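**Q** With the sequence up front, the predicted model follows.
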Amino acid sequence: EYMGTAKGKLARTVFFANEKVTVKQHEAFMLIFVLLLFSIISSVNVLFHGLADPTRDRNKLFLRCILIITTVVPPELPMILTLAVNSSLLLLQRKRIFCTEPFRIPLAGKVSTCAFDKTGTLTTDDLLFRGVVAASDVDGATTPELKAIADSPSDALIVLAGCHSLLHSPEKKILGDPLEKSIFSAADWRYTYPERVSTLPKQQKKVRVLALHPFKADLRRMSTVVQVEDIYLSSRDTRAVVKGAPEALFPLLENPPKNFDSVCAHFTKKGLRVIALASKRLAAGPSAADLPREEVESKLHFEGFAAFESPLKRDTKEQVKRLHDSSFHVVMITGDNHFTAAQVAGQLSLGPSSTLFLESKHGSNDLFWVDESGKHHPLTLTRQAVRELAEKHSLCVLGPSLQIALDTKTLSEVRTLVTSATIFARASPTQKEFIVEALKASGQGVLMCGDGSNDVGGLKKAHVGVALIGLQEPPEKKKKEKKPPATAPGQMDDLFGEAPQFKPGDACVAAPFTSKHSSSIRCVLTILKQGATTLVTTVNTYKILCLNSLLSAYTLSALHMEALKTSEAQSTVLGLAQAFNYYYFTNAKPLKKLAKQRPSGTISDPFFILSVLGQILVHFGGLYYVMEVIGKKYAPAEEFKITHDAEFIPTFMNSAVFLYSMVCQICIFFFNYGGKPHMESLAENKRFFKLLALQFGFTIILTLNLAEDIGYQVGMKFDHVPFEANLELLKVFLLMVGVLFGWDKLLKFAQFRQFHGLI
C-alpha cells in the first residue's frame, strides 16, 4: 500500500525506475592495451638480447623483463585517477554543494544542455497572491480585473480557505505549499491545527476540513470536503471544494463559462500563475467525508480564478546569460501553464522573442503550431524544418501535445522536436524524464536542475542532476532550537496518513548533486566549471600516464642494453617528485568564467593523440642522443666493462639518464597541464609552478655538478668527465624544453583558435 502513495512513487522512482549512469572505460582499457603491447615488445627485445649472452643469470633476466612490463600500469593508478575527483569534491563541499556520485563530476564537463524547472528554481518559492477573478465576471463583455480578498465573492473565498493541506509547526507557524501559505498571508485568515479550521473574520465564516484528497501531479488538482459555518447566521453546510490547473478542472464543470479559456490565457500571458476554483454542495452527515475522490470531483460549479505571481530570483537572469554566453543550450521544463512559462522564458531570453506553442484540437490527435495571436501553423517534423522554425521562434511543447506526438509520431521525429524546443510546459514527471532521455539520446550532455519531487525522474536520468535546497546559513551556525513538544496522537496520523506532503528539497533524494548554500542556480555554473576542470585534469592524467609508461619502458630497456641500473636513491627521488607533482597537478581550480568551448572528454581525440606522439618522439629522440652520442662520447672506457649481473655502480651514463628522466618528468607535467580556457593557468597555480621550477633548478644544479655532495648521495658520478659533457647535457635539456613548448602551443592554438599566454 505504501508504494502506491506519493512518497512510495518517489521511492520507486529513486530506487527502481532509472538505470544508473556508468563511466565508460573502454578507451582507458584500449590505451592500457597499447602501452602493454609496447612494453611487451621492449621486454621481448631485452629477453632475446639477454639470452644471446650465455653468462647471463636467467632468473635476473626474467625479472628485468617482468619489471619492464609492469611499469605500464603502476600500482598507484587508481589513486592517481581519483585525485582530481576527490579534490573537486572538497572544493564543492566548501561551497556547500554535496555530491553522492563522484564519478559524475567529470560528466559535468561534457554538459552542453542545461534544463531547469521553473517554480522554485528559476523563480522564487514565495508566491505572491494577486487576487481573484469572480465567476460572474468571466462571461462579461469586458476583460475582468483581479479583485482583492475583501471584494471577492464568498464562495470563491471558501474554496481558497478550505482546499489546502496546511500544517502547523510546534511554534504555531503555518507550514505547507507556498501557494496556499500566500493566500492565508494576504487574507490575514487564522488557521488552527489539528482542528484544521480556517477562520474568515471579515466574512464571518469558519471552514473546517473534514476530508482531504491531496494534490497529484498526474491529476493536477486537489480537493477537500469541508464544513462551512456562518457565524452570523449560525448555520452550517457541507461542500466539496476543488482547486487546480484550469484545463484539469474544465472537464469537471457542469456549466463552464464561455470565456473560460480566454480569460485564463489573458492572465497567464502576463506571467501570472492561474488556478481554477470550483465547488458543490453535499448532503450533510458523516458520510460526506467518506465519499470517493471521483464523486467529490464531479459535477462542479465554477467559482472563479485565483492569480499568483512567482517573480524571478534575484540573480537568475544573470546566471542564465552567463550560460548563454558560454554557448550552453538552456531549456525550461515545467508543469506550469504554457503562457506563464513563455513569459518567464521571454524575461530570461531563452530564445527568439516570438513563441510558437504545440497544441492539438480537443478530442483530436492533430498537432499544429499556434502563435501568440492564436494563428495556426502546420507541423512538419523533419529535422531541417524544425530547426529552421527554432531559429525564428521559441518552440514551446505542451505536455498533452508531447503525449499525442509519442502516440502518433515516430521516436526519431519526437526526438527532433524535443531537441529543438526551448520550453516544455504542463509536463508531467514522467514526461520530464522522457525529455531528458531524448536530449541524451541526441548526443547531448544534459544537466537538470530542480527542487521538487516532480523533478526526481529528470534529475535521476540526467548526466548531472542538481537539487536546490536553499539553506541560507550552515546548520552549525543556526541558533539552538528548543525541543518541540510531544506530538498529539491524532496529529501523527494526519502527517503520515491522509495527506503526505513533500518538504522543500525532496529532489535531493535522487539528485547526485545537492546545493545547500542557497536556492540560486549559480551552483549550476560552479558545478559546470568544476566539472570541466576535473574532466580536463582526468584526460591529461591519462596522457601523463601514457608518456610516463612509454618512457619508463624505453628507459629500462635502454639501460639494460648497456648493463646499467638506477640506484635506490634515484628511484626514490623520481618517485617522490612524481607524487608531489600529481598532488598539485590535480588540485587546479577552475576559472571564474565558463569557456565557450567544451573540453575534450575522450582520449581518442586527435589532439590527444598528436600531443602524445609528438612528445614521445622528442623524449625518445633525446634519450637516444644522451645515451648513444653524449654517453658514448664522454663516458670512460671502464664503464662499458660493467656486467649485467653486477650491483649498481655510479657511472656518467647512468647519471645522464637519471637527469634526463628528471627533465622528462618535469616536462610531462608542465606541458600536459590543462590551463586556460577551462582552468587556471600554470602561472596562476603558483604552488605547482614553483614546485616544477624548483625541480628544474635542482636538476640544472646537478647537471652542472654544482652540488657534488648531493649528486654523490643520489648515486651520480661526473669524475673523469670534462665539463663540456655537462654543458652538452644542459643544451639537450634546454632544446627539448623549447621543442616541447613550441609543439604544445601549436596544438593548443589549433584546438582553441586562441593564444592563452606563454604559461
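**A** Right, received. Where do you want to start?
**Q** quick one: low-confidence parts of the stretch 601-750 of the chain?
**A** By pLDDT under 70, the low-scoring segments of the stretch 601-750 of the chain are 640-641, 643-646.
**Q** Tell me which stretches of it form helices.
**A** Taking DSSP state H, counting those that start in this stretch, the helices of the stretch 601-750 of the chain run over residues 606-624, 632-634, 652-671, 686-703, 708-713, 723-752.
**Q** Specify the angle between the first one and helix 652-671 in degrees.
**A** This means helix 606-624. Relative orientation of helix 606-624 and helix 652-671, computed by axes from the mean of the first three to the mean of the last three CA atoms, to 10 degrees: 160 degrees.
**Q** Just the buried positions in helix 606-624, please.
**A** Buried residues in helix 606-624, counted by 16 or more other CB atoms under 10 Å: F608, S611, V612, G614, Q615, I616, V618, H619, G622, L623. C-beta coordinates here come from the backbone N, C-alpha and C atoms, glycine included.
**Q** So which elements touch that helix?
**A** Other elements packing on helix 606-624 under the criterion 3 or more CB pairs under 8 Å, 6 or more residues apart in numbering; DSSP states H and E are helix 522-561, helix 652-671, helix 723-752.
**Q** Can you name the next helix or strand after the longest one?
**A** In this case it means helix 522-561. Along the chain past helix 522-561, the next helix or strand (assigned with DSSP states H and E) turns out to be helix 568-585.
**Q** What helices and strands are in contact with that next one?
**A** Judged by 3+ CB pairs under 8 Å, 6+ apart, helix 568-585 is in contact with helix 77-94, helix 522-561, helix 652-671, helix 686-703.
**Q** I'd like to check the angle between that helix and helix 652-671, please.
**A** Orientation check (the same axes, to 10 degrees): helix 568-585 against helix 652-671 gives 0 degrees.
**Q** how far off helix 77-94 does helix 568-585 point, in degrees?
**A** Per the same axes, to 10 degrees, the angle that helix 568-585 makes with helix 77-94 is 30 degrees.
**Q** Just the CA atoms of helix 568-585, as CSV, please.
**A** Presented in CSV, the C-alpha positions along helix 568-585 are these (Å, rounded to 0.1, in the frame of the first residue of the first chain):
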residue,chain,number,x,y,z
GLU,A,568,67.5,3.3,-5.0
ALA,A,569,68.1,6.9,-4.2
GLN,A,570,67.5,7.9,-7.8
SER,A,571,64.2,5.9,-7.9
THR,A,572,63.2,7.5,-4.6
VAL,A,573,63.8,11.0,-5.9
LEU,A,574,61.9,10.3,-9.1
GLY,A,575,59.0,8.7,-7.2
LEU,A,576,58.7,11.5,-4.6
ALA,A,577,58.9,14.2,-7.3
GLN,A,578,56.2,12.4,-9.2
ALA,A,579,53.9,12.0,-6.2
PHE,A,580,54.2,15.8,-5.3
ASN,A,581,53.6,16.7,-9.0
TYR,A,582,50.4,14.5,-9.2
TYR,A,583,49.1,16.1,-6.0
TYR,A,584,49.4,19.7,-7.1
PHE,A,585,48.5,18.8,-10.7
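**Q** centre of the chain versus that helix, how much separation?
**A** Relative to the centre of its chain, helix 568-585 is centred 34 Å away, using CA atoms, centre = their mean, to the nearest Å.
**Q** now it and helix 686-703, what's the angle there?
**A** Computed by the same axes, to 10 degrees, the angle separating helix 568-585 from helix 686-703 equals 160 degrees.
**Q** What are the phi and psi values at H376?
**A** Per-residue torsions, H376: phi -90, psi 150 (degrees, to the nearest 10).
**Q** Helices of the stretch 1-150 of the chain, start to end?
**A** Taking DSSP H, counting those that start in this stretch to define them, one finds helices in the stretch 1-150 of the chain at 6-15, 26-51, 58-70, 77-94, 104-107, 135-138.
**Q** So which of those is the most surrounded?
**A** Most buried of the helices of the stretch 1-150 of the chain by mean neighbour count (mean count of other CB atoms under 10 Å) is helix 104-107; its value is a mean of 24.
**Q** Now distance to H164 and mean neighbour count too, for the helices and strands packed on helix 606-624, in JSON lines please.
**A** Formatted as JSON lines, the helices and strands packed on helix 606-624 follow (distance: least, CB to CB, whole Å; neighbours: other CB atoms under 10 Å):
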{"stretch": "helix 522-561", "distance to H164": "31", "mean neighbour count": "23"}
{"stretch": "helix 652-671", "distance to H164": "62", "mean neighbour count": "24"}
{"stretch": "helix 723-752", "distance to H164": "55", "mean neighbour count": "16"}
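**Q** need these in JSON lines with distance to W189, can you?
**A** Shown next, in JSON lines, are these (distance: least, CB to CB, whole Å):
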{"stretch": "helix 522-561", "distance to W189": "36"}
{"stretch": "helix 652-671", "distance to W189": "67"}
{"stretch": "helix 723-752", "distance to W189": "61"}
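**Q** Among those helices, which comes closest to A683?
**A** Closest approach to A683 among the helices and strands packed on helix 606-624 is made by helix 652-671 (11.6 Å; CB to CB).
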